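**Student:** Please work out how this folds:
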Amino acid sequence: MTQKEFVIGLIENEIERELTQRTSEAEQSETAAVNDCEDETEEVEEQHEEQESAAVSDDFEDVSNGESEELNDEETADLDNDLGEDEEQGMAMGM
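**Tutor:** Modelled structure (predicted):
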C-alpha cells in the first residue's frame, strides 16, 4: 500500500463516518419533530374534549334552570323546509 492510498483511505473513512453521523442526527431530529407534533395533537384533542364537556354541561344547566332555547319563526321555517326536502328525496328514491 502506498502512502497516497493510505491517505485516500483515511479521507474516505472520515467522509463515511461524517455522512453516517449526519444521517443519524437527521433521523433523530425528524423523530423529535414527529414526537412534538404528536404531543401537540394530544394536547389539542384534550382541550377540545374539555370544551365539549363544558359546553354540554352548560346546556344541561340551562335546561335544568328552566331556560330553553326557543326557535324563532325563521329557524322553524328552515327546519320545516329541511324536513320537506328529506321527504322529497325519499320519495324520489322509491321509499
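**Student:** Remind me what the top helix by length along the chain packs against, helices and strands.
**Tutor:** Looking across the chain with DSSP state H, the single longest helix is helix 3-64. Helix 3-64 is packed against no helix or strand, with contacts defined by 3 or more C-beta pairs under 8 Å, 6 or more residues apart in numbering; DSSP states H and E. Heads up, the C-betas are built off the backbone N, CA and C, glycines and all.
**Student:** Might you list the low-confidence residue ranges for the chain?
**Tutor:** 55-72, 74-77, 79-95 (pLDDT under 70).
**Student:** cutoff 50 now
**Tutor:** The chain contains residues with pLDDT under 50 at 68.
**Student:** Only C-alpha atoms, please: export stretch 29-47 in PDB.
**Tutor:** Extracted in PDB, the C-alpha atoms of stretch 29-47 (Å, rounded to 0.1, in the frame of the first residue of the first chain):
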ATOM      1  CA  SER A  29     -34.300  15.500  14.600                       C
ATOM      2  CA  GLU A  30     -37.200  14.100  12.500                       C
ATOM      3  CA  THR A  31     -38.200  11.800  15.300                       C
ATOM      4  CA  ALA A  32     -38.200  14.700  17.700                       C
ATOM      5  CA  ALA A  33     -40.300  16.800  15.400                       C
ATOM      6  CA  VAL A  34     -42.800  13.900  15.000                       C
ATOM      7  CA  ASN A  35     -43.000  13.500  18.700                       C
ATOM      8  CA  ASP A  36     -43.500  17.200  19.200                       C
ATOM      9  CA  CYS A  37     -46.300  17.100  16.700                       C
ATOM     10  CA  GLU A  38     -48.000  14.100  18.400                       C
ATOM     11  CA  ASP A  39     -47.700  15.900  21.800                       C
ATOM     12  CA  GLU A  40     -49.400  19.000  20.400                       C
ATOM     13  CA  THR A  41     -52.100  16.900  18.700                       C
ATOM     14  CA  GLU A  42     -52.900  15.100  22.000                       C
ATOM     15  CA  GLU A  43     -53.000  18.500  23.800                       C
ATOM     16  CA  VAL A  44     -55.400  20.000  21.300                       C
ATOM     17  CA  GLU A  45     -57.600  16.900  21.500                       C
ATOM     18  CA  GLU A  46     -57.700  17.100  25.300                       C
ATOM     19  CA  GLN A  47     -58.600  20.800  25.100                       C
END
